[in-house]
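Student: Here is my input; please provide its structure:
(one chain, ligands or ions: 1)
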Amino acid sequence: MAAVSGKIFQNVSVAQYSKQNSQFHPQCRRDSFTSNLRSLLPLKGRKPAWNRTLAMQLRTSSIYQNGFVSGGSICCNAASSSTEVRPLEKSDFLKLQNGSDIRGVAVAGVDGEPVTLTEPISEAIASAFAAWLSDKKKGDASMAMSVSIGHDSRISASMLQDAVSQGLMSAGIDVLHFGLASTPAMFNSTLTRNEEVGCPADGAIMITASHLPYNRNGFKFFTNAGGLGKADIKDILERASDIYNKITDEGLRDLQGTSSVSVKKVDYMAIYASDLVHAVRKAAGNIEKPLEGFHIVVDAGNGAGGFFVDKVLGPLGAVTSGSQFLEPDGMFPNHIPNPEDKAAMTAITQAVLNNKADFGIIFDTDVDRSAAVDSTGRELNRNRLIALISAIILEEHPGTTIVTDSVTSDGLTLFIEKKLGGKHHRFKRGYKNVIDEAIRLNSIGEESHLAIETSGHGALKENNWLDDGAYLMVKLLNKLASARASGIKGGSKVLTDLVEGLQEAAVTVELRLKIDQNHADLKGGSFRDYGEAVLKHLENVVDSDLKLVKAPINYEGVRVSGFGGWFLLRLSLHDPVLPLNIEAPSNDEAVKLALVVHEAVRGFSALDMSSLDKLIHRN
Ligand SMILES: O=P(O)(O)OC[C@H]1O[C@H](O)[C@H](O)[C@@H](O)[C@@H]1O
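Tutor: Numbering: from 1, shown residues only. Okay, here's the model as predicted:
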């Protein structure tokens, strides 16, 4: 393990600050949300200890650290001044659930998008996570618990970090501030054994909304068992609603707590990155600089992935000139940090070609997703990335099952099963779904070492099923390094060769058909029920058409083969949308498949068919 640069940032005693209460600006006091959690949190043996002065002290110090002092108003940043503590329904909290994440609007100013993730709400959510964690770890109730907090480059990061810190500390939880961090590093901090920096943490919170626009933000939660699931998130939001409304019912009150909690600032990314460096060195036979001679460019999309250049590729000996958008910028001025996005892939491809680099790597905002580009400018994302990682994993674990999301191609199945000798288990969309499915398969005796999505999310058994875009790239770097160590030249050709034989459709289409939730055709029902009815109807139509074959094993939506290609219509995991994926050998065939869907669903008037119409009439 490399040297650790974490140091104590601040040990905060609640009592120490209470007498300074009067020194703060009254506006700050109004903004502060005081959590009266004594009656709400099951904190056996630990007293919740909180007062609003501490809240402001923390907020102030964090604002200074981030250089956000403006006009002498040091106590409230821009987003916090709009914060208002008003009664909310449980349903308002539940609306913040996005599968196994929490997502909301954290920055005001976008028309039609009111702020839903305020400081008080975030503080209540953090307190609820503390209560949830406390229940989970009840065996250790006498021990102090700690939670690490990290964030991506969003402009609301500092405001939310303060609110979350307050929520945790009000529950007597010690807080570790990691600052700019990646989502996988946060999970890792619940596994790392390093007392000096306070790890393993009992829980971790990543403040991120992945690739969503600048005004959004959200939370991902982890324990050493992995990311929290949907049911846990619902539980936390319900608890948060109770906490929040109890406080507003009773009015804001100071608590004169007596126990103390600590806030430590830790450079955890240095620890996490050194683990990645170690992994590549090991794979190359413990060579210090196994990437010497390679020119690798990185596009971090102004998210949190810039560390990969100086803390991973640099120490491994790679040349990284031409890397771009490494500086964190929460307005994402260059492109959406998303390896599924065409503009993002064009940007990294161009960087590889312009710099005559051997290889390109692109991350999403919080580095749980990634993709690559070879030296010829060939994109290695979506099905190609899955094929590539599968080829590596199947060399290491012959015959293993590769779990993927539902929108993967028929060509990928052939490649995994016929060329690589593995088993392709096409499951549902959603990184958590594929990871949980791979874990389940192992638990019933079917060996699986890889769970991966076309979105660029991927997790390996050897890496604790950490959903980690950086580790996926490490697997590719290992391959480059070990090829070099065995004297093989040719840059990234060794990787390109691995996907040789992957059949790819000439036409690939993804449309997202919106369901108008206010449309009379829903008859007051939910968009989910409506979407299910659309899918059922489509299924019946397909069943009665001899030219079409329904996928015999399918876990999500309606997947159909015909006209030399296939389509999948399914419900989005989170949105009132039916995504439609089509792959076909030509435009004509793609249109024939689109027409099948069009004919079947056109009676559903709440469905926006305009993109489907456009596809059909364009050709
Ligand atoms: O169902 P969709 O709307 O296509 O969204 C699906 C996506 O949702 C989230 O972003 C998850 O993090 C991804 O793992 C998943 O692929």
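Student: drop to CA atoms for contacts and neighbour counts, all remaining ones
Tutor: Noted.
Student: ok, residue 167 to the ligand distance?
Tutor: Going from residue 167 to the ligand by C-alpha to the nearest ligand atom, to the nearest Å gives 25 Å.
Student: ditto for residue 499
Tutor: Using C-alpha to the nearest ligand atom, we find residue 499 at a distance of 23 Å from the ligand.
Student: What of residue 119?
Tutor: 24 Å.
Student: helix/strand/coil for the residue of the stretch 151-300 of the chain found nearest the ligand?
Tutor: The stretch 151-300 of the chain approaches the ligand most closely through residue 210 (7.8 Å), counting by C-alpha to the nearest ligand atom. At residue 210, secondary structure determined by DSSP: H, G, I helix; E, B strand; the rest coil is coil.
Student: show me the contacts for it.
Tutor: 364-366 (C-alpha atoms under 8 Å, 6 or more residues apart in numbering).
Student: need those residues in a markdown table with pLDDT, distance to residue 226 and neighbour count, can you?
Tutor: Output for these, formatted as a markdown table (pLDDT from 0 to 100; distance: C-alpha to C-alpha, whole Å; neighbours: other C-alpha atoms under 10 Å):
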| residue | pLDDT | distance to residue 226 | neighbour count |
| --- | --- | --- | --- |
| 364 | 98 | 20 | 29 |
| 365 | 98 | 20 | 33 |
| 366 | 98 | 17 | 31 |
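Student: Around the ligand, which positions in this protein sit nearby?
Tutor: Proximity of the chain to the ligand, by C-alpha under 6 Å from any ligand atom, involves residues 429-431, 455, 572-575.
Student: any low-confidence regions in this protein?
Tutor: For the chain, applying pLDDT under 70 flags the ranges 1-85, 139-142, 248-259, 619.
Student: Let's see that with 80 instead.
Tutor: Along the chain, the model assigns pLDDT under 80 to residues 1-86, 138-143, 247-260, 619.
Student: need the longest helix for it.
Tutor: helix 230-250 (DSSP state H).
Student: C-terminal to that helix, what's the next element?
Tutor: strand 260-265 (DSSP states H and E).
Student: and residue 618, how many neighbours?
Tutor: 9 (other C-alpha atoms under 10 Å).
Student: wait, residue 529
Tutor: Quick note: residue 529 (other C-alpha under 10 Å) scores 11 neighbours.
Student: what about residue 366, which SS state?
Tutor: Classified using three-state DSSP, residue 366 is coil.
Student: got the buried residues for stretch 529-549?
Tutor: 530-532, 534-535, 538-539, 541-542, 548 (16 or more other C-alpha atoms under 10 Å).
Student: Let me have those in JSON lines, adding secondary structure and distance to residue 110 as columns.
Tutor: Shown next, in JSON lines, are the buried residues of stretch 529-549 (DSSP: H, G, I helix; E, B strand; the rest coil; distance: C-alpha to C-alpha, whole Å):
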{"residue": "530", "secondary structure": "helix", "distance to residue 110": "29"}
{"residue": "531", "secondary structure": "helix", "distance to residue 110": "28"}
{"residue": "532", "secondary structure": "helix", "distance to residue 110": "32"}
{"residue": "534", "secondary structure": "helix", "distance to residue 110": "32"}
{"residue": "535", "secondary structure": "helix", "distance to residue 110": "34"}
{"residue": "538", "secondary structure": "helix", "distance to residue 110": "37"}
{"residue": "539", "secondary structure": "helix", "distance to residue 110": "39"}
{"residue": "541", "secondary structure": "helix", "distance to residue 110": "42"}
{"residue": "542", "secondary structure": "helix", "distance to residue 110": "42"}
{"residue": "548", "secondary structure": "coil", "distance to residue 110": "45"}
